[in-house]
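Trainee: can't give you the sequence, but here's the structure:
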């Protein structure tokens, strides 16, 4: 199977290489998934560069989140089934097949698009934690940069649910219209 491997830390464009390896066998409590779609998060790139808080043992496969189809189940896994679409945080997801702690795998309804399902864990969690840490309440204001990124969009939505006002900053004029199209209208471009 194919995987994107790095054997040293550095610029992802320079240190990632396509490699062939055997599909991993799931151990107790694990599931092997066939990767459908895996996002490229900033923390993935920073991990490969060696600048993130976590440095995996090398060589390593990139990726920390994905949408996959259950292919095989380890002992003790009875809440998932082969052929099921699932998402969840994992490691080494930039591969045709990867392992996930079955307790972390979440079934995904067919109505959710692959592009959304593959990033249902990390970005929403980051946005929720950010808002909780700030301790803002109804009527308060938040100004955020990178408002058109995945976390920025979610912060705007989650804040609105809590009655928090958000002013989003973006670098491109076109991003103002892109956000307006999804209902985020308090946006200023710095272009």
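Mentor: Sure, I can see it. What you are looking at is a predicted structure, and each value in this text was computed from that prediction instead of being measured. Numbering: from 1, shown residues only.
Trainee: So for stretch 180-191, what gets flagged as buried?
Mentor: 184, 187, 189 (16 or more other CB atoms under 10 Å). For glycine as for every other residue, the C-beta is placed from the backbone atoms N, C-alpha and C.
Trainee: Contact partners for the last one?
Mentor: So the one you mean is residue 189. By CB atoms under 8 Å, 6 or more residues apart in numbering, residue 189 lies in contact with 169, 170, 171, 172, 173, 175, 176.
Trainee: How about the second one?
Mentor: Residue 187 makes contacts with 147, 148, 167, 168, 169, 170, 175, 176, 179, 180, as judged by CB under 8 Å, 6+ apart.
Trainee: again, 6 Å this time
Mentor: The contact partners of residue 187, taken as CB atoms under 6 Å, 6 or more residues apart in numbering, are 147, 168, 170, 176, 179.
Trainee: Spell out the secondary structure type for the closest residue to it other than its chain neighbours.
Mentor: The spatially closest residue to residue 187, leaving aside those adjacent along the chain, is residue 168, at 4.4 Å (CB to CB, 6 or more residues apart in numbering). Secondary structure state of residue 168, per DSSP: H, G, I helix; E, B strand; the rest coil, is strand.
Trainee: How about residue 168: which residues does it bridge to?
Mentor: Beta-bridge partners for residue 168, by DSSP bridges, are residue 144, residue 187.
Trainee: I'd guessed it sits against residue 145; true?
Mentor: No - look at residue 168 against residue 145 with CB atoms under 6 Å: they stay out of range, at 8.0 Å.
Trainee: out of these two, which sits in the busier spot?
Mentor: For residue 168 versus residue 145, neighbours defined as other CB atoms under 10 Å are more numerous around residue 168 (25 against 12).
Trainee: need the contact list for the more buried one.
Mentor: Counted by CB under 6 Å, 6+ apart, residue 168 has contacts 144, 147, 187.
Trainee: I'm done for today, thanks for sticking with me.
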